[in-house]
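# based on what follows, work out the 3D shape:
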Amino acid sequence: MKVAFFVGAFPGLSETFILDQITGLLDRGHEVDVYGWPSEDAQSHDDVTEYGLMERTYTAPALPDSYAKRVAKGMGVLGRLLVDTPEVIRTLNVFRYGRLAASLRLLYASTPHVLRQKKEYDIAHCHFGQNGILALALRELEFLRAKRVLASFHGHDVYVDVPRYSSWFRRFLFKRGDGFTVNSEYTAQSVLDLGGTEEEIQILPVGLDVESFSYQARFRENGSPVRVLTVGRLVEKKGIQYAIRALAQLSPNLSFEYRIVGGGPRRDELEGLVQNLGLENEVTFLGALPKEEVRRQYQWAHIFTLPSVTAADGDREGQGLVLQEAQACGLPVIATRHNGFPEGVQEGESAILVPERNVDALADALKSLSDQEHRWEAMGRCGRAFVESRYDSEALNERLVNIYRDLLSGDEKPAGHSR
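Numbers count the residues shown, from 1 in each chain. Okay, the predicted model is just below:
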């Protein structure tokens, strides 16, 4: 099959699950192209080079934050495209495409498609709902030639993007999209609340290459620090400040090292908190790392924690893939009882779950697990078996291929009409 992936910034360090789907399809002999926006990440994963993915990637011009600069640059983009494709002017039809046209996002996004109009795809697979809207608009404009459009929801698109896109979800995406996947039962219910239908929504968790995450029984030498790890972007919903405060409660009675992998806008704030609490010698910020180095950090740790919360703007987790990665490595997990998290761990067996924003409960869980080293190996083995049975990317990529085939064998929704 010929598949077009619609993504955000590519290649990005944080969304490894998209990369794993792309390489999984290529390994199965399918043809894949990637459409997205320029990435600001200075690093990329080894798979990008190994699979020659940049040769398959077509990015739109970078979209300036300043609307004045966006308009000025957009006029140049429009002028170049009008010469050979005068119908590109339709990307500015605000009566039809509303904010998508007024923001010039549709114009910018059309550029790689206008330049590759003869390319035809069986499936346009769109990660995050807003990219599904974009792909459907491009298909309606006949700049994207795709038999089916599949949108995958992950969490942020359902919770944060809803105020901007909810009417588009109902009027456009759910009426014209051909299929939808979600990463958890929790996300599925949220998509149903937005107007999706059970018949068209399939639960397809984000998977991982389990064999690339080496299982390791956890133990520590007498008197050595407990090594705690978090992997996640430094944004409010990750709740990292609560882990820092919980560990501060336990210091100096508990000897620990806490490493935080991930970049993001809250780094200065979190580093300031660490300094205020006097934990500079215990807490280390490693920044965003390639997935190969992230795996080494999993091997370093004794305990993994992800104390995610619902952010002030409504942002929250969907699945929390790092929970599955940590369990695959044999790490005992401490996390919050947050959205889809209870589906992604074995509570009481591979993981301890605590309420959101509850520093005392998080501190108690960290203290309890640190004092019960004898539980670590059993929890680790349980977590590994759980991930092998439900989150192996080989099996999930095979399910994805079958979803594609089922879509192609069904009746297509007309591009401009609801079914």
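# the residue of the chain most remote from its centre and residue 330, how far apart?
Distance from the C-alpha centroid of the chain, by C-alpha atoms, centre = their mean, peaks at residue 222 (38.5 Å). Residue 222 sits 21 Å away from residue 330, going by C-beta to C-beta, to the nearest Å. In this view, the C-beta of every residue, glycine as well, is placed from N, C-alpha and C.
# same deal with residue 203?
Using C-beta to C-beta, residue 203 is found at 26 Å from residue 330.
# tell me which of the two has more neighbours.
Between residue 203 and residue 330, counting by other C-beta atoms under 10 Å, residue 330 is the more crowded of the two (23 against 13).
# could you list the low-pLDDT ranges of the stretch 101-250 of the chain?
Residue ranges of the stretch 101-250 of the chain with pLDDT under 70: 159-166, 169.
# now the strands: where do they sit in it?
Assigned by DSSP state E, counting those that start in this stretch, the stretch 101-250 of the chain shows strands spanning 120-127, 145-153, 179-182, 201-203, 226-231.
# keeping just the C-alphas, turn stretch 302-317 into CSV.
What follows is stretch 302-317, C-alpha atoms only, in CSV (Å, rounded to 0.1, in the frame of the first residue of the first chain):
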residue,chain,number,x,y,z
HIS,A,302,15.5,1.6,40.1
ILE,A,303,12.0,3.3,40.0
PHE,A,304,10.1,5.1,37.3
THR,A,305,7.6,7.9,38.1
LEU,A,306,5.2,9.8,36.0
PRO,A,307,2.9,12.0,38.2
SER,A,308,0.8,13.5,35.4
VAL,A,309,-2.1,15.9,36.1
THR,A,310,-4.8,17.7,34.2
ALA,A,311,-3.2,21.1,33.2
ALA,A,312,-5.0,24.5,33.6
ASP,A,313,-5.7,24.6,29.9
GLY,A,314,-7.3,21.1,30.0
ASP,A,315,-4.2,19.3,28.5
ARG,A,316,-3.8,15.8,29.8
GLU,A,317,-2.3,12.5,28.9
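# how about it: buried residues?
Across stretch 302-317, burial judged by 16 or more other C-beta atoms under 10 Å covers 302-311, 315-317.
# which pair in the residues you listed spans the largest distance?
Distance extremes for those: the farthest pair is 302 and 315 at 29.4 Å, using C-beta to C-beta.
# give me the angle between the helix or strand where residue 397 lies and strand 120-127.
Assigning secondary structure by DSSP states H and E places residue 397 in helix 393-409. Relative orientation of helix 393-409 versus strand 120-127 (axes from the mean of the first three to the mean of the last three C-alpha atoms, to 10 degrees): 130 degrees.
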